[in-house]
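>>> kindly return the folded structure for what I paste below:
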Amino acid sequence: LRPAVPADQRLFAWKGVNTPPVNTITHPLIQHFADIASRASLDDSTLIGYGSGLRKFHLFCDIFSIPESERLPASFELLHSFCLWAVAEPSPAEALITGDIPFEPISVRSANKYLDAIRAWHIAQGWPAPLTEERRSQIAWTLRGLEKIQMHKRSRPPRPPVTLHMLAALKSSLDLSDPFEACIWAIASSAFWGLMRFGEATVQSRGKFDPKTHLTRANALFGRDLDGRDYARLDLPAAKTAKPGEIQHIFLVKQNTLCPLDALQNLASVVPALAQVPLFSWRDRQGNHRPMVRDTALAFINGRFTGMGIGTTFGHSFRIGGASFYLSQKVDLEVVRIMGRWRSLAYQVYIRAFEQV
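Got it, this is the predicted structure:
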C-alpha cells in the first residue's frame with residue numbers, strides 16, 4: 001500500500017484498501033485525462049511537503065494501531081486525534097498516561113499543512129475531501145487551545161539531525177593527530193553510521209566510567225565478512241533497550257571519506273591503550289587516559305558547527321541523521337530499526353533530514 005518512494009510521489013503512489021467512488025465515466029480516454037490533470041494540480045514543492053505530512057499521518061496510525069480500512073477515507077475523529085497527537089507535548093506529570101507513546105510536537109501551522117496533505121491525498125485517490133469547513137473549525141478550536149497551553153511550557157525544539165554535509169564539515173575542521181580531536185571524530189562517525197545513542201560513546205563525568213556498562217577497547221572487534229569486506233563490531237555491555245546482562249552489537253562497515261573504521265583505527269594509533277581503557281578516550285598532557293565526557297564533546301562539536309555557521313546539534317542528532325541517511329538510500333525500514341536497536345517502527349517519528357530525498 002505504501003511503497004518506498006520519494007516524498008513527492010507518495011500522494012499518488014500510496015493507496016488505501018477501500019475502493020473510491022466512480023468520478024468519471026468509464027471510458028479510458030476520459031480516465032486518462034482525469035489522471036494527468038490530477039497529477040498536474042500541485043507543484044513539486046507542494047507534493048514534497050504533502051508527502052512528509054502523509055508519512056506522519058501513517059506513523060500516527062501505526063502507533064495507535066489504526067486499521068488500514070479506517071485510514072482512507074479518514075473520519076473526523078481520526079483526523080482530530082492525529083492533530084492532537086502531532087501538536088501535543090505531554091508534561092512529565094502525564095507520563096503515566098503517555099507510557100511509551102513517542103511524541104515529537106510540531107507547530108499548529110504545520111499541523112494544518114498536514115491536514116491539507118491528507119485532504120489532497122483523499123482527492124488524489126478519488127475520495128471526497130474528508131473534512132467540512134465546520135469540522136475543520138472544530139479542529140482549529142482545539143489546536144488553538146493546545147498552542148496556548150504549550151506556549152508556556154515548551155522548553156526545547158525537536159532535535160535537529162546531523163547530515164552528511166555536517167559530518168564532512170566537522171571532519172575537515174579537526175586535527176586527527178590530536179588525541180582529543182581524534183576521539184571526537186571516532187565518536188561522531190561511529191554514532192552516525194552505527195546509529196548510536198551519544199551516551200553509549202560518552203560518559204556523564206570522568207569518574208562515572210564503568211567497564212561493566214561502557215565500551216572499552218576490548219569491546220571493539222575488527223574483522224572481515226565472507227565477501228571479504230571489512231567491518232567493526234562494538235559490543236555494548238549495557239544499553240537502554242537491552243535486558244540486564246544482554247550484550248547488543250553495533251556493526252560498522254567501510255565508508256568513503258567519512259569512514260568510522262578509519263576513525264577507530266586512527267584513534268587506536270593516536271591514543272594507544274590497554275583492553276580495559278575506555279574505547280572512546282583521549283590522553284591529556286600528563287599522559288592520562290580520559291573517557292570522553294558527553295557535555296564536553298557536544299560543546300566542542302557545537303563550537304565548530306557554530307563557527308562554520310551550521311548551527312547547534314545535540315547528542316541524539318547523530319543517531320537521527322544516520323537513520324535518515326540510510327532511509328534515503330532505500331535501506332529497508334526493518335533493517336534500519338534493527339540497526340538502531342529500536343523496539344518498534346515508532347522510531348520513524350525521529351526521521352526528518354532526508355524525508356524529501
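>>> the residue nearest to R197 when sequence neighbours are not counted: what's it in contact with?
For R197, the nearest residue in space outside its immediate sequence neighbours is R319; the separation is 6.1 Å by C-beta to C-beta, 6 or more residues apart in numbering. C-beta here means a position set from N, CA and C on the backbone, and glycine is covered the same way. The contact partners of R319, taken as C-beta atoms under 8 Å, 6 or more residues apart in numbering, are 191-192, 195-198, 340, 350.
>>> pLDDT and neighbour count for those - can I get that in a markdown table?
Below are those laid out as a markdown table (pLDDT from 0 to 100; neighbours: other C-beta atoms under 10 Å):
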| residue | pLDDT | neighbour count |
| --- | --- | --- |
| A191 | 96 | 29 |
| F192 | 96 | 28 |
| L195 | 94 | 24 |
| M196 | 94 | 26 |
| R197 | 91 | 19 |
| F198 | 92 | 21 |
| G340 | 87 | 20 |
| Y350 | 56 | 21 |
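>>> compile those residues into CSV and extend it with columns for secondary structure.
As requested, the contacts of R319 are exported to CSV (DSSP: H, G, I helix; E, B strand; the rest coil):
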residue, secondary structure
A191, helix
F192, helix
L195, coil
M196, coil
R197, coil
F198, helix
G340, coil
Y350, helix
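>>> okay, these in a markdown table with distance to G309 next?
Formatted as a markdown table, the entries for the contacts of R319 read as follows, by distance: C-beta to C-beta, whole Å:
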| residue | distance to G309 |
| --- | --- |
| A191 | 22 |
| F192 | 20 |
| L195 | 27 |
| M196 | 27 |
| R197 | 27 |
| F198 | 23 |
| G340 | 29 |
| Y350 | 25 |
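>>> wait, what's in contact with A182?
Taking C-beta under 8 Å, 6+ apart as the test, what A182 contacts is 174, 176, 263, 266-267, 270-271, 282.
>>> greatest separation within these: which pair is it?
The span of the contacts of A182, defined through C-beta to C-beta, is set by L174 and V271 at 14.0 Å.
>>> neighbour count winner among the two?
A side-by-side neighbour count of L174 and V271, using other C-beta atoms under 10 Å, places V271 first with 22 against 17.
>>> retrieve the pLDDT associated with the more buried one.
For V271, the model assigns a pLDDT of 96.
>>> how much space separates it from P260?
Relative to P260, V271 is positioned 16 Å away (C-beta to C-beta, to the nearest Å).
>>> how many residues are close by the residue nearest to G199 when sequence neighbours are not counted?
With C-beta to C-beta, 6+ apart as the criterion, G199 has its nearest non-adjacent residue at 6.2 Å, and that residue is R294. As a burial measure, R294 scores 18 neighbours (other C-beta under 10 Å).
>>> again, but for the one 4 residues further on
Burial of L298 is recorded as 17 neighbouring residues (other C-beta under 10 Å).
>>> these two touch, right, it and G315?
Yes: under the criterion of C-beta atoms under 8 Å, L298 makes contact with G315 at 6.1 Å.
>>> give me the pLDDT for the residue nearest to R197.
Reading off the confidence values, R319 has pLDDT 90.
>>> please apply the same query to the one 5 residues further on.
For S324, the model assigns a pLDDT of 85.
>>> okay, and it sits in which element?
Mapping S324 onto the secondary structure by DSSP states H and E places it in helix 315-328.
>>> so after that helix, what's the next helix or strand?
Under the assignment DSSP H and E, the closest C-terminal helix or strand after helix 315-328 is helix 333-339.
>>> where does the prediction get shaky in the stretch 201-350 of the chain?
Within the stretch 201-350 of the chain, the segments meeting pLDDT under 70 span 311, 343-350.
>>> just the helices in it please.
Using DSSP state H, counting those that start in this stretch, the helices of the stretch 201-350 of the chain run over residues 260-270, 294-307, 315-328, 333-339.
>>> of those, which approaches L164 most closely?
When the helices of the stretch 201-350 of the chain are ranked by proximity to L164 (C-beta to C-beta), helix 315-328 comes first, at 6.4 Å.
>>> now the angle from that closest one to helix 294-307?
70 degrees (axes from the mean of the first three to the mean of the last three C-alpha atoms, to 10 degrees).
>>> which other helices and strands contact the helix ranked longest in the chain?
Across the chain, the longest stretch assigned as helix under DSSP state H is helix 44-63. The criterion is 3 or more C-beta pairs under 8 Å, 6 or more residues apart in numbering; DSSP states H and E, and the helices and strands that helix 44-63 contacts are helix 10-13, helix 76-87, helix 108-124.
>>> what angle sits between it and helix 76-87?
Computed by the same axes, to 10 degrees, the angle separating helix 44-63 from helix 76-87 equals 100 degrees.
>>> C83 and L115 touch, don't they?
Yes: counting by C-beta under 8 Å, C83 sits close enough to L115 to count as a contact (6.8 Å).
>>> so what sits against both of those two?
Common neighbours of C83 and L115 are listed as I139 (criterion: C-beta under 8 Å, 6+ apart).
>>> neighbours of Q31, how many?
The local packing count at Q31 equals 13, with neighbours defined by other C-beta under 10 Å.
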